[in-house]
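**Student:** Below is the structure, and that's it, no one-letter string:
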């Protein structure tokens, strides 16, 4: 279990690194209509103000902007967009969490991980098909992002993180994206992918203990 992460998280170096990642991804403004270009105009001042809010623990994430995208079969998907400022904070947290949790993830998981891709997952599937006589089960966890149990997710994070200040902020961000009563992480969020992998890592371990497994987000085979 790791503590003493707070100072590393709020360091201006980490916030600048997070900003560079957010800027490179561009993306739409959130509910405050503040764009990447708007934030960049006074970037040093904006990052220092954000750092001060975090340091004093006065930072509060803003509400998410909801955009509805049509899906197949006349269904809809809600994409929730954070503000630029909140995306920087989420990315700064991701910079801390990623190296800690990455070592726990199994090779069966291919989504949202450095050096891994959907094509790599397909290549692995082809190897399984060629080399072994298998029954194949294809699965999809229905409405996964909407149904993530936030209490379970937070407890999984606490198994590895023991920094009270960082945990409080992570909890605040998790709750700010809550879709239903103690359920749901927002699709489209910077930090939701690692939350998804943390949450499903126990599923990966359970299935892989008995069967070959390939998982990409909430689709598995």
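**Tutor:** Thanks, I have the structure now. The structure presented is a predicted model; accordingly, all values stated were derived computationally and were not measured. Residues are numbered from 1 along each chain as shown.
**Student:** In this protein, where's the longest helix?
**Tutor:** helix 84-102 (DSSP state H).
**Student:** Residues in contact with the helix or strand just after that one: which ones?
**Tutor:** Tracing the chain C-terminally past helix 84-102 and defining elements by DSSP states H and E, one meets helix 118-131 next. Under the criterion CB atoms under 8 Å, 6 or more residues apart in numbering, residues 110-111, 134, 136, 212, 214, 216, 221 lie in contact with helix 118-131. From N, CA and C alone the C-beta is placed, and that goes for glycine too.
**Student:** Now do the buried residues in helix 118-131.
**Tutor:** Buried residues in helix 118-131, counted by 16 or more other CB atoms under 10 Å: 121, 124.
**Student:** List only buried entries from the contacts of helix 118-131.
**Tutor:** 110-111, 214, 216, 221.
**Student:** could I get the residues you listed as TSV with distance to residue 205?
**Tutor:** Shown next, in TSV, are the buried ones among the contacts of helix 118-131 (distance: CB to CB, whole Å):
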residue	distance to residue 205
110	16
111	16
214	14
216	17
221	17
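**Student:** Of those, which pair is most distant in space?
**Tutor:** Pairwise distances across the buried ones among the contacts of helix 118-131 peak at 12.9 Å for 111 and 221 (criterion: CB to CB).
**Student:** Give the residues shared as contacts by the two.
**Tutor:** In contact with both residue 111 and residue 221: residue 215, using CB under 8 Å, 6+ apart.
**Student:** This structure: helices as residue ranges?
**Tutor:** According to DSSP H, the helices that the chain contains are 6-10, 12-25, 36-41, 43-55, 84-102, 118-131, 144-147, 150-158, 164-176, 192-208.
**Student:** Output those as JSON lines; include the columns distance to residue 69.
**Tutor:** Formatted as JSON lines, the helices of the chain follow (distance: least, CB to CB, whole Å):
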{"stretch": "helix 6-10", "distance to residue 69": "32"}
{"stretch": "helix 12-25", "distance to residue 69": "18"}
{"stretch": "helix 36-41", "distance to residue 69": "21"}
{"stretch": "helix 43-55", "distance to residue 69": "30"}
{"stretch": "helix 84-102", "distance to residue 69": "19"}
{"stretch": "helix 118-131", "distance to residue 69": "20"}
{"stretch": "helix 144-147", "distance to residue 69": "13"}
{"stretch": "helix 150-158", "distance to residue 69": "24"}
{"stretch": "helix 164-176", "distance to residue 69": "21"}
{"stretch": "helix 192-208", "distance to residue 69": "16"}
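**Student:** Of those, which is nearest residue 71?
**Tutor:** Counting by CB to CB, residue 71 lies closest to helix 144-147 out of the helices of the chain; the figure is 13.1 Å.
**Student:** Let me know the average pLDDT across that closest one.
**Tutor:** Mean pLDDT, helix 144-147: 84.
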